[in-house]
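A.B. asks: I'd like to go over a predicted model; first the sequence, then the structure.
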Amino acid sequence: AAFDFHAGTQPRAPDWMQERGLEWAYRLVREPRRLWRRYLVSNTLFIAGAYAPPFRPLTPEEDDEIVRQINGSGAGIVFVGLGCPKQEFWMAAHRSRIRAVMVGVGAAFDFHAGIQPRAPGWMQERGLEWVYRLLREPRRLWRRYLVGNTLFILGAIGQLLSRRAKAPANGDPRSGR
């Protein structure tokens, strides 16, 4: 049996997780290899580890230790769920140090663990889950969705227009003409 490193007892999910029937999610993080193999994963894939960083910047020594653990685990894919934009900054800062493909998954862990509710099906089907999240957490998400996404769309349009202006008009299908 796995033990809680702090108390020397079997791991126990916090009360709020137990009340919502999420003990499995807590154990999944605490005992990933055993539980993922047992419940969710085929024999061709294994979970090399899980880590939840503290809510503060890591010291250089802590950061080096995490990189060492990730690289030493043999992981081929590292799912990073720190939230946007923190996970993007972390992956960019570590792209030359981590010897695995890194995938930013944002709130996916929270959705699958039942911590964060999903939008109604009709909103998901129409690509409107972001509206649901914005309405649920406007103070946290308004800038990301309304400013950040608008700037991204404007930048993408500008890039497309500049490519069209530079493209040869020789019938090349990539020229947009």
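C.D. replies: The structure has been received and is ready for your questions. Residues are numbered from 1 along each chain as shown.
A.B. asks: Please name every helix or strand in contact with the longest helix anywhere in the chain.
C.D. replies: Selection of the longest helix in the chain by residue count, based on DSSP state H, yields helix 149-166. Using 3 or more C-beta pairs under 8 Å, 6 or more residues apart in numbering; DSSP states H and E as the contact test, no helix or strand touches helix 149-166. Bear in mind the C-beta positions are built from the backbone N, C-alpha and C, glycine included.
A.B. asks: Could you find the closest non-adjacent residue to Arg97?
C.D. replies: Spatially, and ignoring its direct neighbours in sequence, Arg97 is nearest to Val67 (5.0 Å; C-beta to C-beta, 6 or more residues apart in numbering).
A.B. asks: ok, the one you found - contacts?
C.D. replies: Contact analysis of Val67 by C-beta atoms under 8 Å, 6 or more residues apart in numbering lists His94, Arg97, Ile98.
A.B. asks: Dead centre of the protein: give me the residue that sits there.
C.D. replies: Closest residue to the average C-alpha location of the chain: Val105 at 2.3 Å, with C-alpha atoms, centre = their mean.
A.B. asks: Against Arg143, how distant is it?
C.D. replies: 21 Å (C-beta to C-beta, to the nearest Å).
A.B. asks: Surely the residue nearest to Arg97 is in a helix?
C.D. replies: Yes. Assessed with DSSP: H, G, I helix; E, B strand; the rest coil, Val67 lies in a helix.
A.B. asks: From Arg99, how far out is it?
C.D. replies: Distance of Val67 to Arg99, computed by C-beta to C-beta: 9 Å.
A.B. asks: And Met123, by the same measure?
C.D. replies: Per C-beta to C-beta, Met123 is found 39 Å from Arg99.
A.B. asks: Tell me the buried residues in the longest helix of the chain?
C.D. replies: Residues of helix 149-166 include none that count as buried (16 or more other C-beta atoms under 10 Å).
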